[in-house]
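heads up, no residue letters with this:
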C-alpha cells in the first residue's frame, strides 16, 4: 500500500483537505484490506465506526426491500469513500456494500476522522459537500424512477456503465453485472430487463455475448435515455 499522501483516494475525496501532518497521522491509524469479489464490506444495520477509502476496485451499495430483494442504489469506485454519512449522523449504515471485483481498501477509525473534522474546517466542508452531492444524486434517481420508462432507464444505465467504468479490450463493458443486478439498478423484474436487452440487441444498439454487453450505438442509446 502506498503512503496516504500519494494515494488516489486523497486526490478525489474529502481527504484532499488534510495537510501533511494529518496524513502522516492518518497513515499510522489506518488498516489495509483486500476484499475479494462477492465479499461483503459491511451490511445494512451494521455499526461501521469509521470510513473505508477505496484505493482500487468497484462495489455496489444495496438496500434490502420489503420483499426481501436487494436493490442496487449506487456503484462506488476507486477514489471514493464509504461510511461518511453514518459516521456524521452516528447511526448504523443504511446500505450494504458488496465487492463487484477484487478491491483494495483502507479503513480509518471514526475517532481519528472526527478529530480531523473538529480541527480542519476545509475537511469538514468537503465531507458536507460530498453528503449533499449524494443527496442530490438520490433526488435525481428518484425522479428518473418515477418519470422515465424502464426502456429509458436501461439505456441511461448502460451509458452510465460505459462512461463511468469504461470498456475491456474486446469493447465490452468493463463492469459485468448479472441480469438480476442490472434489473435491480433500473427497478424492474429480471425478465423485463432480459427482454429489453434482447430488443436492444436486435436493434443493433448493443451486442450480447454471454454476460458481456458491448455498446454499439451510443447516439441512439442517448436518444432513448432522454
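Received it, and whenever you're ready, just let me know what you need. Keep in mind the model is a prediction, meaning the values are calculated, not measured.

domain ranges for the chain, per the record?
8-145, 148-225 (automatic domain parsing).

weakest of those domains in terms of mean pLDDT?
Among the domains of the chain, domain 8-145 has the lowest mean pLDDT, at a mean of 86.

tell me the gap between that domain and the middle of its chain.
Here domain 8-145 is found 9 Å from its chain centre; the criterion is Cα atoms, centre = their mean, to the nearest Å.

reformat the domains of the chain as JSON lines; add mean neighbour count.
In this view, the C-beta of every residue, glycine as well, is placed from N, C-alpha and C. Below are these laid out as JSON lines (neighbours: other Cβ atoms under 10 Å):
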{"stretch": "domain 8-145", "mean neighbour count": "16"}
{"stretch": "domain 148-225", "mean neighbour count": "16"}
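
how distant is the longest helix along the chain from the center of its chain?
The helix that spans the most residues within the chain, counting by DSSP state H, is helix 121-147. Mean-position distance between helix 121-147 and its chain equals 13 Å (Cα atoms, centre = their mean).

use 373 as the first number from now on
Okay, residue one is now 373; in that scheme the one you just asked about reads as helix 493-519.

ok, residue 533 touching residue 547?
Yes. Residue 533 lies in contact with residue 547 (Cβ atoms under 8 Å); the separation is 5.4 Å.

tell me where the protein has helices.
380-384, 392-401, 456-461, 482-491, 493-519, 522-537, 551-558, 562-574, 590-597.

what packs against the third one?
Helices and strands touching helix 456-461, as assessed by 3 or more Cβ pairs under 8 Å, 6 or more residues apart in numbering; DSSP states H and E, comprise strand 422-428, helix 482-491, helix 493-519.

do that again at 6 Å, thanks
Applying 3 or more Cβ pairs under 6 Å, 6 or more residues apart in numbering; DSSP states H and E, we find helix 456-461 packed against no helix or strand.

quick one: residues in contact with that helix.
423, 465, 482, 499, 503 (Cβ atoms under 6 Å, 6 or more residues apart in numbering).

ok, back up a step: who wins for proximity to residue 435 among the helices of the chain?
Of all the helices of the chain, it is helix 551-558 that lies closest to residue 435, at 9.8 Å by Cβ to Cβ.

now do that closest one: everything it contacts.
In contact with helix 551-558 (Cβ under 6 Å, 6+ apart) are residues 443-444, 525-526, 529, 562, 565-566.

reformat those residues as a markdown table; add distance to residue 539.
Shown next, in a markdown table, are the contacts of helix 551-558 (distance: Cβ to Cβ, whole Å):
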| residue | distance to residue 539 |
| --- | --- |
| 443 | 26 |
| 444 | 20 |
| 525 | 21 |
| 526 | 18 |
| 529 | 15 |
| 562 | 24 |
| 565 | 20 |
| 566 | 22 |
